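okay, here's the prediction I keep looking at, along with the sequence it came from:
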Amino acid sequence: MKMGVINVNDLLLRQNEKKIFFETEDGKIKIIHDDFITTNLIEENSIDLIITSPPYNVNIHYNSFSDDIPYEKYTEFTEKWLKKAYSLVKPDGRMCLNIPLDKSKGREEAGFQSVYADIVNIAKKVGWKYFSTIIWNEGNISRRTAWGSWLSARAPYVIAPVETIVILYKEKWRKIKEGESDITREEFMEWTNGLWTFSGESKKKVGHPAPFPIELPKRCIKLFSYTNDTILDPFLGSGSTLIACALLNRKGIGVEIDENYCKLATNRLKKEAHIDQRKLFEGD
């Protein structure tokens, strides 16, 4: 007597369904619990805009990612995820990439790295085209306690209390199809100035070691996408990008490798975007 044959496609489908941690009933907001580099749950050429802040490799204590790896390994990881992201965006797709200017943690010269310049070069290497850079002034001057050498030319530190938002695109900067924009005149005039000043997010309040405030994805979404466009965050973390998507009538997909951060993002969506009543299912 033959045993029942397992249908490989059915098995893969069940496995993929388990990776959908949260999805609204209308399918507009989705959290995928998976590794972004290997996930097969996002169609190629389907994303209008990526907004993300990848791991910085400055020894931030994430639950499921080592953020203190050799810099060569970090750039290899960066190239892999940027290639994957490139394959997922449409020909006129864009990316807003929140990264630091540099890595200046540690006292040895090996600890200083030009993160911004290196990541931009890697992005261009894999096919992304550079458009511009927004300087985000968080107003965080607490790090000025690290002077290196006080009142001396021996080894002073120069630390800029800002981060960057690099604007990249795939093939065409001008959108191929017309759509509906929801940005106001005042917002457009203020946000097309490449210096943005607003406060960062509280780690303690959010419960994540490196959250960015909802204001960041909100500005990027309204400035660089139409209503009903599909937005992707490959490193969802605390869920700020999806909250902004829900509040601004965009479709949103977030990928997060850590289950606890998936739960955190889900809870924030319930509280801050009020979409609990529309959810279809969520991971246990």
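Right, received. Where do you want to start? Residues are numbered from 1 along each chain as shown.

average pLDDT across stretch 163-182?
Stretch 163-182 comes out with an average pLDDT of 96.

stretch 121-133 now?
The average pLDDT for stretch 121-133 rounds to 98.

buried residues in that stretch?
122-123, 126, 128, 133 (16 or more other CB atoms under 10 Å). Quick note: C-beta positions are derived from backbone N, CA and C, even for glycine.

in JSON lines, list those residues along with secondary structure.
Shown next, in JSON lines, are the buried residues of stretch 121-133 (DSSP: H, G, I helix; E, B strand; the rest coil):
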{"residue": "Ile122", "secondary structure": "helix"}
{"residue": "Ala123", "secondary structure": "helix"}
{"residue": "Val126", "secondary structure": "helix"}
{"residue": "Trp128", "secondary structure": "coil"}
{"residue": "Thr133", "secondary structure": "strand"}
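
my read is that Tyr71 contacts Ser114, right?
No - the pair Tyr71 and Ser114 fails to qualify as a contact (CB atoms under 8 Å) at a distance of 10.4 Å.

distance of Glu178 from Asp92?
12 Å (CB to CB, to the nearest Å).

before we move on, what SS does Ile176 have?
Following three-state DSSP, we place Ile176 in the coil state.

could you do Leu41 as well?
Following three-state DSSP, the label given to Leu41 is coil.

quick one: it from Trp173, how far?
Here Leu41 is placed at a distance of 28 Å from Trp173 (CB to CB).

give me the nearest residue to Asp32, chain neighbours excluded.
Small correction: residue 32 is Ile, not Asp. Nearest-residue entry for Ile32: Val255, 4.7 Å, with adjacent residues in sequence omitted and distances by CB to CB, 6 or more residues apart in numbering.

next up, the contacts around that neighbour.
31-32, 34, 36, 39, 42, 232-236 (CB atoms under 8 Å, 6 or more residues apart in numbering).

part of a strand, is Cys96?
Yes - with the criterion set as three-state DSSP, the secondary structure at Cys96 is a strand.

of the contacts of Val255, which belong to strands?
Among these, the subset assigned to strands under DSSP state E consists of 31-32, 232-233.

ok, so of these, who is nearest Phe212?
Top of the list for closeness to Phe212, among these and by CB to CB, is Asp233 at 10.2 Å.

tally of neighbours for the closest one?
The tally of other residues near Asp233 (other CB atoms under 10 Å) stands at 26.

and it, what does it touch?
The contact partners of Asp233, taken as CB under 8 Å, 6+ apart, are 50-52, 217, 241-242, 252-255.
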